[in-house]
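Participant: Structure of the sequence below:
(one chain, ligands or ions: 1)
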Amino acid sequence: MIRLRPRESGRATREAEPLRTPGDDGAALSLESVTRSYRRGARTVAALDDVSVTVPRGSFVAVMGRSGSGKTTFLQCAAGLDRPTSGTVRIDGTDLSRIGEAALTRLRRERVGFVFQSLNLVPSLSVVENAALPLLLGGEAPGSADVRARALRVLEAVGLADRADDSPLLLSGGQQQRVAIARALVTDPAVIFADEPTGALDPVTAADVLTLLRGAVDRAGHTVVMVTHDPVAASWTDRALFIDAGRVVGVLDQPQPDGVAQAMKRLGGSARP
Ligand SMILES: Nc1ncnc2c1ncn2[C@@H]1O[C@H](COP(=O)(O)OP(=O)(O)OP(=O)(O)O)[C@@H](O)[C@H]1O
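Facilitator: Numbering: from 1, shown residues only. Sure thing, here's the model as predicted:
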């Protein structure tokens, strides 16, 4: 079993600093002055408030903050699931505000991978069909040998090629999450967004899932943005961003569990494992 990688000792958070970059800077993901507001009665509330972040290709970033701080809103705007009220989101250089709904749907399917806390596999499909789902939704023929080969390749990467023709219902929670990671990898996306991917898993199984995500970054050059409450999960990443009241208020590079927990405490939030 692979456990936490050795790290330098934790460092203090610092103010969010030049994470912003105008235009296409070669980043996998960039948000530039992104605000997402909602009407609440007579008031307008900014769930995201002038957020500028750049995520370089081949990096693993954690997004942290207490409940209601804006993490989900960040993820939804960054992944093109929601449109910001103002500001610019670019995925792999494409400005999402400049493309229509059909192109955005295609971009999400082809350039973005998703891994959620809930194991949202399709029970009526086999493991390999689940892994191939983004390709099938993109119009590839279900019976295609190429589709199966690509899905098997990503299942191999997560150690589940031998379960390809099983129902996902026969797999453990951790194995199902590995299928979800395979599915997120199958299109070779520019960015993988993971929303509490270890939230429902025991620590050992969670470490397996984090090992896979870390490996996708280190070995295959993928880019992963992970929302998490867990300081240990955050310690697998290259950079933790702390969000409070819709703003990025701190950044911790090479985060350590202790440093992350302290930063969360300073924000007044619980850092739950
Ligand atoms: N559709 C909506 N309409 C109105 N307000 C919303 C909507 N979505 C989110 N908000 C508000 O925006 C703020 C940020 O919410 P968000 O869900 O992004 O927080 P979060 O950090 O993901 O929280 P949690 O950790 O509890 O999931 C909250 O105050 C929330 O009430």
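
Participant: switch to C-alpha atoms for all contacts and neighbour counts from now on
Facilitator: Will do.

Participant: so which strand or helix has residue 38?
Facilitator: strand 29-40 (DSSP states H and E).

Participant: Direction included, what does that strand pair against?
Facilitator: With DSSP bridges as the criterion, the sheet partners recorded for strand 29-40 are strand 43-55 (antiparallel), strand 86-91 (antiparallel).

Participant: Determine the number of other residues adjacent to the residue in the stretch 151-273 of the chain that the ligand sits nearest to.
Facilitator: Proximity of the stretch 151-273 of the chain to the ligand (CA to the nearest ligand atom) peaks at residue 246, 6.8 Å away. Burial of residue 246 is recorded as 25 neighbouring residues (other CA atoms under 10 Å).

Participant: Name the nearest residue to it, ignoring sequence neighbours.
Facilitator: Excluding the flanking residues, the one nearest residue 246 by CA to CA, 6 or more residues apart in numbering is residue 48, at 3.9 Å.

Participant: Touching, that neighbour and residue 72? I think so.
Facilitator: No. Applying CA atoms under 8 Å as the test, residue 48 and residue 72 come out as separate, 9.7 Å apart.

Participant: who has more neighbours, the two?
Facilitator: Neighbours were counted for residue 48 and for residue 72 using other CA under 10 Å; residue 48 has more, 27 against 16.

Participant: Before we move on, what's the pLDDT of the more buried one?
Facilitator: As predicted, residue 48 sits at a pLDDT of 97.

Participant: gap between the stretch of helix or strand residue 241 belongs to and the chain center?
Facilitator: Residue 241 belongs to strand 239-244 when assigned by DSSP H and E. With CA atoms, centre = their mean, to the nearest Å as the basis, strand 239-244 stands 14 Å off its chain's centre.

Participant: Strands of this structure, residue ranges please.
Facilitator: Taking DSSP state E as the criterion, the chain contains strands spanning 29-40, 43-55, 60-64, 86-91, 94-95, 112-116, 191-195, 224-227, 239-244, 247-253.

Participant: For stretch 102-118, measure first residue to last.
Facilitator: In stretch 102-118, first residue to last residue: 26 Å (CA to CA, to the nearest Å).

Participant: ok, and what's touching it?
Facilitator: Contacting residues not belonging to stretch 102-118 are listed as 79-80, 91, 96, 134, 137-138, 177, 180-181, 183-185, 187-200 [CA atoms under 8 Å, 6 or more residues apart in numbering].

Participant: got the residues of the stretch 1-150 of the chain near the ligand?
Facilitator: Counting by CA under 6 Å from any ligand atom, the residues of the stretch 1-150 of the chain close to the ligand are 38, 47, 66, 67, 68, 69, 70, 71, 72, 73.

Participant: By neighbours, which of the residues you listed wins?
Facilitator: Tallying neighbours with other CA under 10 Å puts residue 71 at the head of these, with 28 neighbours.

Participant: With that, I have no additional questions.
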